[in-house]
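[1] Below: sequence and its predicted model.
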Amino acid sequence: MSYVLRAVVIDLPKLSAAIGSGDQQLIASVKALDPERYEEDEDWDAEEEGEISLSQAVEDLILGNPPA
């Protein structure tokens, strides 16, 4: 058995600034990083109340929409 470990450096001030920024271009950029993942997400249906899609989660965070 093997595992993959990927280190990621995050600029915390930039991340904090992105949340609630309303930046539509940022949303498009995030989705452009892995377009197939977001295309698959379009066919996603919530199975349980309160579940949201990946696209909706990204948009809600950047637009500053509170969880329902």
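    Yep, that arrived. Numbers count the residues shown, from 1 in each chain.
[2] pLDDT averaged over stretch 22-32, what's the number?
    In this model, stretch 22-32 has an average pLDDT of 95.
[3] Give me the contacts around stretch 2-22.
    Stretch 2-22 has contacts (C-beta atoms under 8 Å, 6 or more residues apart in numbering) with 26, 61-64. Every C-beta, even on glycine, is put in place using the N, C-alpha and C of the backbone.
[4] Would you list the buried entries among the residues you listed?
    Among those, the ones that count as buried by 16 or more other C-beta atoms under 10 Å are 26, 61-62.
[5] What about the residues you listed, which are in helices?
    Among those, the members falling in helices (DSSP state H) are 26, 61-62.
[6] so can I have JSON lines of these showing distance to Ile19?
    Below are those laid out as JSON lines (distance: C-beta to C-beta, whole Å):
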{"residue": "Leu26", "distance to Ile19": "10"}
{"residue": "Leu61", "distance to Ile19": "5"}
{"residue": "Ile62", "distance to Ile19": "7"}
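[7] The lowest-mean-pLDDT helix or strand in the chain packs against which elements?
    One helix or strand of the chain scores below all others by mean pLDDT, DSSP states H and E: helix 35-41, with a mean of 80. The contact analysis (3 or more C-beta pairs under 8 Å, 6 or more residues apart in numbering; DSSP states H and E) places helix 35-41 against helix 54-63.
[8] mind listing what's buried in the helix it packs on?
    Neighbour-count burial for helix 54-63 [16+ other C-beta under 10 Å]: 55, 58-62.
[9] now those residues in JSON lines, with distance to Asp11 and pLDDT?
    Compiled in JSON lines, these are given as follows (distance: C-beta to C-beta, whole Å; pLDDT from 0 to 100):
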{"residue": "Ser55", "distance to Asp11": "23", "pLDDT": "87"}
{"residue": "Val58", "distance to Asp11": "18", "pLDDT": "93"}
{"residue": "Glu59", "distance to Asp11": "21", "pLDDT": "93"}
{"residue": "Asp60", "distance to Asp11": "21", "pLDDT": "94"}
{"residue": "Leu61", "distance to Asp11": "16", "pLDDT": "94"}
{"residue": "Ile62", "distance to Asp11": "16", "pLDDT": "96"}
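[10] May I see the buried residues of stretch 26-45?
    26-27, 30-31, 38, 41.
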